[in-house]
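In: When you get a sec, could you give me coordinates for this:
(2 chains)
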Amino acid sequence: GAVVSQHPSWVICKSGTSVKIECRSLDFQATTMFWYRQFPKQSLMLMATSNEGSKATYEQGVEKDKFLINHASLTLSTLTVTSAHPEDSSFYICSALGSGLTLRDEQFFGPGTRLTVL
Amino acid sequence: LAKTTQPISMDSYEGQEVNITCSHNNIATNDYITWYQQFPSQGPRFIIQGYKTKVTNEVASLFIPADRKSSTLSLPRVSLSDTAVYYCLVGEAGANNLFFGTGTRLTVIP
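Out: The predicted structure follows:
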């Protein structure tokens, strides 16, 4: 149980285009999901917290107009990188907060999406 | 938010026990200690979580002294497939303010 998927697993796009990444909790509902970014050889950095039915909360230094987050259902959150540039190339990882009687009260991570902007 | 300090890297031979220590001097009363494992190009995977004393599961043990200012992840008889980065995180259960420090890059040598 507690599986989180991401789609696509990798994407290559041209500079200036927008890319959407989906994060799904497959076998549980998650009112809260998180988006992280990880550059090569570096640690994960929290970008934003996504709450179902409300606006996302962004960490300091993360542009909310560039990284659009939508959490329209209890099993899906999307991250759209708008007007992507090469410096946005990174590994994007989402996580979903598990809760309830059958899950540990912790974050379950997706497999990540490798974004390469040419 | 309690910050953590871990060794940047460790090497170990196959079959040995590996102990990775994490310092968290500013841990709060409500904070738990959680360890994650991350392979290259994959998301982190939960290993173990504890609050105090000792916790053991099928893959690891977690030792937490009485003052809780540090913790040690113990991996028994590591194999090559245990080569990964191990992160120690401190925070309230379910909190959104997970801070991933540098992690410890463990390399298991044949």
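In: contacting residues for the residue of chain B found nearest chain A?
Out: At 3.5 Å from chain A, B:G43 is the closest residue in chain B, using CB to the nearest CB. Placement of C-beta: from N, CA and C, glycine included. Shown in contact with B:G43 (CB atoms under 8 Å, 6 or more residues apart in numbering or on different chains): A:V4, A:Q6, A:I93, A:S95, A:F109, A:G110, A:P111, A:G112.
In: where in chain A is pLDDT low?
Out: Applying pLDDT under 70 to chain A flags the ranges A:1, A:98-105.
In: Flag every residue of it that's near chain B.
Out: A:4, A:6, A:32, A:34, A:36, A:43-46, A:49, A:57, A:91, A:93, A:95, A:97, A:99, A:104-112, A:114 (CB under 8 Å from any CB of the partner chain).
In: how about the strands in chain A?
Out: Taking DSSP state E as the test, the strands found in chain A are A:4-7, A:10-13, A:19-25, A:32-38, A:45-51, A:57-58, A:67-73, A:76-81, A:90-97, A:107-109, A:113-117.
In: helices or strands up against the shortest one?
Out: Going back to what we said before, that points to strand A:57-58. Contact analysis of strand A:57-58 by 3 or more CB pairs under 8 Å, 6 or more residues apart in numbering or on different chains; DSSP states H and E lists strand A:45-51 as its packing neighbours.
In: which neighbours does the strand it packs on have in its sheet, and in what orientation?
Out: Neighbouring strands of strand A:45-51 in its sheet, by DSSP bridges, are strand A:32-38 (antiparallel), strand A:57-58 (antiparallel).
In: Now render the ones you listed as a markdown table, adding mean neighbour count.
Out: Below are the strands paired with strand A:45-51 laid out as a markdown table (neighbours: other CB atoms under 10 Å in any protein chain shown):
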| stretch | mean neighbour count |
| --- | --- |
| strand A:32-38 | 24 |
| strand A:57-58 | 16 |
